[in-house]
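Enquirer: Model the following, please.
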Amino acid sequence: MTMTGSSGTVQVSSFDEGWSRLQEGAFDRVVSLLETGFRTAPKFEPGVWMELYTTVYVMCTQKEANWSEQVYSHYVSSLETYILTHVLPAFEQRSDEDMLVELSTRWDNHKILMRYLKTIFGYLDRYHVKRAGLPSVQNAAVLAFRNLVFEKVKVRARDAVIHMINKMRDGETIDAKLLKELVTIFIEMGQDEESVYERDFEADVLASTSAYFREESSRWIDRHSLPEYISKVEARLESEADYVAGYLHPSTKEKLLKSVEKSLLEEPMHNLLDKEFSGCATLLLDNREDDLSRLYRLFSRLGDKGLEPIGSLVQQHVLGEGNALVRSREEEVQKGSSTSSGYIKSLLEMHRRFKGLLAKCFQNHHIFQRAIKNAFEDFVNRNIGSSNISEMLSSFSDEVLRKNGVKLTDDAREDMLDQIVDLFTFITDKDMFAEFYRKFLCKRLLLSRSLSEDTERSMITKLKQRCGAQFTSKMEGMLTDMNLSEDLHGEFLAWTREHSESLPVDASFTILTSGSWPAFRPDECILPDKLVKCMDVFSRFYANRGSHRTLRWVHKLGLATVVARYSSRSYEITLALHQALILLLFNSEDRITLEDISRKTSIPVSDAKRYVFSLACGPRQLLLRDGDDSGPVKGLRPGDLDPADVFVYNAGFSDRRRKIQMPYLLQKVTEEERHAARAAVDDDRKHAIEAALVRIMKSRKTMEHAQLVSEASQQLVQYFTPQPQLIKKRIEELIQREYLERDEKQRNVYNYVA
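Expert: The predicted structure is shown next:
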């Protein structure tokens, strides 16, 4: 066949003639160029490329005899002959780095050869290679080198590369360019088979890396503290990431770093964290925030399995510190301390500190959130003496929210309320907190001791965000009642003017919705006629408004301002209504026994003791107990007073202030109120459990006992943790009231009765 090319007419009369031309013009000339380093061999002249390519084209497109198969076969054979005669002998008597240099050089030469030959024999790829399913011209050249050269030296090359990497890790100088070239060979050997790099190189590099760092970890543990160790690990991980980016395939990075992490962190984890004098417990004890942050950063690379042990140590540390606080408070109680504000402040400060540690060192990770939560729930909910955390925290909240309580700026107070609500979330008996909180709120509002309505609403909003609107509905109702009462007072004054009703004394009345406020024990004390008339006028006004509600008077929550003359000076004294009733008795009598005070005011003797004690034995002695000429007996308590004790008007009383505000006895929760609050909570819990049981059974119709108890507990745990025995009692009660029934065949199964 004859074809005209750019350099003239190309004729091929036989295969041997054509191949001889290709062998001499392509293979022999390129090999000569490579072997002489492009110095002495003749260069390709213009037009030679096209002539050789045209020769291949003519041999592969003849109609009489298509020599494509023979050309491809001879192409592969010539490549193998070149490798066997020129390349392999060059590796003889070479070892270590010389062998690596030779391998890099020979592969570079082979790639040059492939580029030349692909230009000449590229026509084979267009038809013959595709039809016959053969490797392309370039891949065939790669396979020839891989099978004849790479397979023979890959183990030595791989081991030498690993040795170079380890030398680099030890800080020794290496030929970085050579290392990169050798790794590239392993990558390029797998152009048609990706597993070559992974199988013949990467797997052994990873195994060597594990062994290297396992040995290094063993040395470091013996020589260094935990902070020093993790600093070294952090530096190692950074350098290894740089090595991978500089020399290895990108796919190796994650695998190699995981191998390093396993050897340096995962395997020695427990020995590291429990290290004496420098382990995780010591870092927490010394508040080593930088080291704890580094510890978290490193072990978070292992996922949850790396953080769980640290979380466990954090929980133990928090629990230990919390237990110490509880023991300290128990000792204070045994010594007679009655105030718990110091204990609550310590809890708040402790939680604030660990909350900051959680954010700064542990990035608010859920494992550490759970660890701190579990620890606080463990010790916070322990009863101390006769008090529980619900009562103590609500009492402290009262100090923050009332006048003359904790002195704080507005921003500091808001922050303190946030801390209180944070601590509140750990309380299991949240319904108990709500009950005591309402009692303190009631006294703040009715005794005008609240800082402001905005502050009260801010606190209630924070509680609502944590527990929902149902939890705070009664508290919000109390604030609403106070606002409505102010409006009502204006209407009352307008009504008295309209109906020409005169009031003997200035009086205001607060209407409380019984469902929102704590339950009050009725008190039928004997009131002055002037006050009785005021009450009668207000009752008629309230009835005329068309309201069908019944008024029930609660006198013990009232306040009064009286004008009293002592010596030559008058004082305006604001005090509780019952205290005022006792003082008014001395307008007509100079000496009265405690028993007579109780009888003439209808105040029970137990309550009268407290009120009289505050007037006669407190900081301001408006009255005197007969016989206490030198002042109150030290250590005297209200319960020590006797009904026969005589009290007299203290004519010698004086004070630098003209307006005096006596301490309100109702400001604190009494033991009687504590019992009442707990009883109210217990009663509410019964109703809540029954309501939950009915809701569940109404939707499920039939349930086993254990499943019903479990689901009811899950629904109620937001407010309190019900005991299984209590749930069982409520189930029995619902069966008796025919809301539920036992299954006739399975006694542990309940059916809902529609």
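
Enquirer: where in the stretch 401-550 of the chain is pLDDT low?
Expert: Low-confidence segments of the stretch 401-550 of the chain (pLDDT under 70): 547.

Enquirer: where does this structure dip in pLDDT?
Expert: 1-10, 38-46, 191-194, 547, 629-633, 664-669, 754.

Enquirer: which residues of it fall in strands?
Expert: 2-5, 8-11, 559-566, 569-576, 591-593, 623-625, 646-649, 659-661, 702-704, 740-742, 749-752 (DSSP state E).

Enquirer: could I get those strands as CSV with mean neighbour count?
Expert: All C-beta spots, glycine's among them, are computed from the backbone N, C-alpha and C. Formatted as CSV, those follow (neighbours: other C-beta atoms under 10 Å):
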stretch, mean neighbour count
strand 2-5, 12
strand 8-11, 14
strand 559-566, 15
strand 569-576, 18
strand 591-593, 16
strand 623-625, 22
strand 646-649, 19
strand 659-661, 13
strand 702-704, 16
strand 740-742, 16
strand 749-752, 19
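
Enquirer: Can you give me the neighbour number for residue 256?
Expert: Here the number of neighbours of residue 256 (other C-beta atoms under 10 Å) works out to 21.

Enquirer: if you skip the residues just before and after it, what's nearest to the spatially most central residue of the chain?
Expert: Geometric centre of the chain, nearest residue: residue 369, 3.7 Å, by C-alpha atoms, centre = their mean. Spatial nearest neighbour of residue 369, chain neighbours left out: residue 358 (6.6 Å); criterion: C-beta to C-beta, 6 or more residues apart in numbering.

Enquirer: Pretty sure the residue nearest to the centre of the chain sits against residue 355.
Expert: No - if you go by C-beta atoms under 8 Å, residue 369 and residue 355 don't touch, sitting 9.6 Å apart.

Enquirer: closest one to residue 400 among the strands of the chain?
Expert: Set against residue 400 and scored by C-beta to C-beta, the strands of the chain come closest in strand 659-661, at 20.1 Å.

Enquirer: So which residues make contact with that closest one?
Expert: Surrounding strand 659-661, the residues in contact under the criterion C-beta atoms under 8 Å, 6 or more residues apart in numbering are 571-575, 620.

Enquirer: Out of the strands of the chain, which gets nearest to residue 681?
Expert: Of the strands of the chain, the one closest to residue 681 (C-beta to C-beta) turns out to be strand 740-742, at 24.6 Å.

Enquirer: ok, which stretches of the stretch 501-650 of the chain are helices?
Expert: 529-544, 577-585, 594-601, 605-616 (DSSP state H, counting those that start in this stretch).

Enquirer: Please produce a markdown table containing these, extended by mean neighbour count.
Expert: Formatted as a markdown table, those follow (neighbours: other C-beta under 10 Å):
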| stretch | mean neighbour count |
| --- | --- |
| helix 529-544 | 15 |
| helix 577-585 | 21 |
| helix 594-601 | 19 |
| helix 605-616 | 21 |
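
Enquirer: Show the end-to-end separation of stretch 187-207, please.
Expert: Terminal residues of stretch 187-207 lie 18 Å apart, using C-alpha to C-alpha, to the nearest Å.
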